[in-house]
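1. No sequence on hand, only this structure:
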Ligand code: AMP
């Protein structure tokens, strides 16, 4: 089984949604992705937190088998993101982004991690994602996520990054923004022309679309009665997806998409990382089985 290097934000999130306000709870793209992958493959986490980051949170990550050697503790406060969801949870507005220790973050990959075969570049500034990639010797598979902020403010660096990644995971709205197209095939063709051989478009409650050169795969989202909090669903998807590939020893991307969808479905069932904190490998396997029942005809 190969190790998985995960870089991204480790954050305090303040989330306002239909259940109320949740102040300064543990979040961040790397946190969600690492937790989702941790029951599938050994995870090496790269990120930065401030002096205010609680010891218990690091212990919880370690308790899930995540190697936190690459989690730097810098002088200052931990990255903080605040967002408000619409009543139906289909959209959200960022109220505030406090970069704090992220402003001066220069990711340093510990020497023993530089041989990582699977690399997940979670959503952070593309310059930082590139900086991480420069330090990994010969990765087998590199997957990157991004967001509208970087399409608006760091497009040149994002395009350079895309020319060097194998798989882009992006939500539908941002995929349309980055490609300049609306319909799925045109979006995928334009994004693949930027570099990644494979593009995965996340469609929230409608699932995910996987585009390879000759193949398209369409995965539903797991049908749920209620959703507590969609924050981190995309990162959990990416963590489950790459975790599957790191542990499987083959590159069945369809299976990996279903595993990512299973991880995301757990994520949204509780606020913040609540559901991922206690997720077991069996939980994920059971849900993959349910996905199979759901989609076989
Ligand atoms: P998702 O819901 O999958 O898009 O990811 C939500 C996570 O992204 C939250 O836990 C935030 O802490 C994190 N996040 C929000 N904005 C940024 C940003 N500008 N850079 C890095 N991470 C961010």
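-> Right, received. Where do you want to start? Keep in mind it's a predicted model, so treat the numbers as computed, not measured.

2. what ranges do the helices span in the chain?
-> Using DSSP state H, the helices of the chain run over 29-37, 55-63, 126-135, 148-153, 155-162, 172-179, 184-193, 233-248, 253-267, 281-295.

3. ok, for residue 196, nearest residue in space, not its chain neighbours?
-> Among residues not flanking residue 196 along the chain, residue 168 sits closest, at 4.2 Å (C-beta to C-beta, 6 or more residues apart in numbering). Quick note: C-beta positions are derived from backbone N, CA and C, even for glycine.

4. list the contacts for the one you found?
-> Residues near residue 168 by C-beta atoms under 8 Å, 6 or more residues apart in numbering: 143, 144, 145, 146, 162, 191, 194, 195, 196, 198, 199, 200.

5. Looking at those, state which has the most neighbours.
-> Within the contacts of residue 168, residue 200 tops the neighbour count with 30 neighbours, counted by other C-beta atoms under 10 Å.

6. highest average neighbour count across the helices of the chain?
-> helix 29-37 (a mean of 32; mean count of other C-beta atoms under 10 Å).

7. and that helix, what does it pack onto?
-> Contact partners of helix 29-37 among helices and strands, from 3 or more C-beta pairs under 8 Å, 6 or more residues apart in numbering; DSSP states H and E: strand 4-7, strand 43-49, helix 55-63, helix 233-248, helix 253-267.

8. what does it contact?
-> Against helix 29-37 from outside (C-beta under 8 Å, 6+ apart): 4, 6-11, 43, 45-47, 61, 64, 66, 120, 122-124, 145, 231-232, 235-240, 242-243, 246, 260, 263-264, 267, 273, 276-277, 279.

9. hmm, try it at 7 Å
-> 4, 6-10, 43, 45, 47, 61, 64, 66, 120, 122-124, 145, 232, 235-236, 238-240, 242-243, 263, 267, 273, 276-277 (C-beta atoms under 7 Å, 6 or more residues apart in numbering).

10. swap in stretch 251-266?
-> For stretch 251-266, the surrounding residues in contact (C-beta under 7 Å, 6+ apart) are 36, 198, 200, 207-208, 210, 212, 217, 219, 221-222, 224, 233, 236-241, 244-245, 275-276, 279, 283-284, 287-288, 291.

11. Write out the residues of the chain neighbouring the ligand.
-> Contact residues, the chain versus the ligand (C-beta under 6 Å from any ligand atom): 9, 11, 13, 27-29, 81, 97, 123-124, 149, 231-235.

12. again, 5 Å this time
-> Residues of the chain lying close to the ligand by C-beta under 5 Å from any ligand atom are 9, 11, 13, 27-29, 81, 123-124, 231-232, 234-235.
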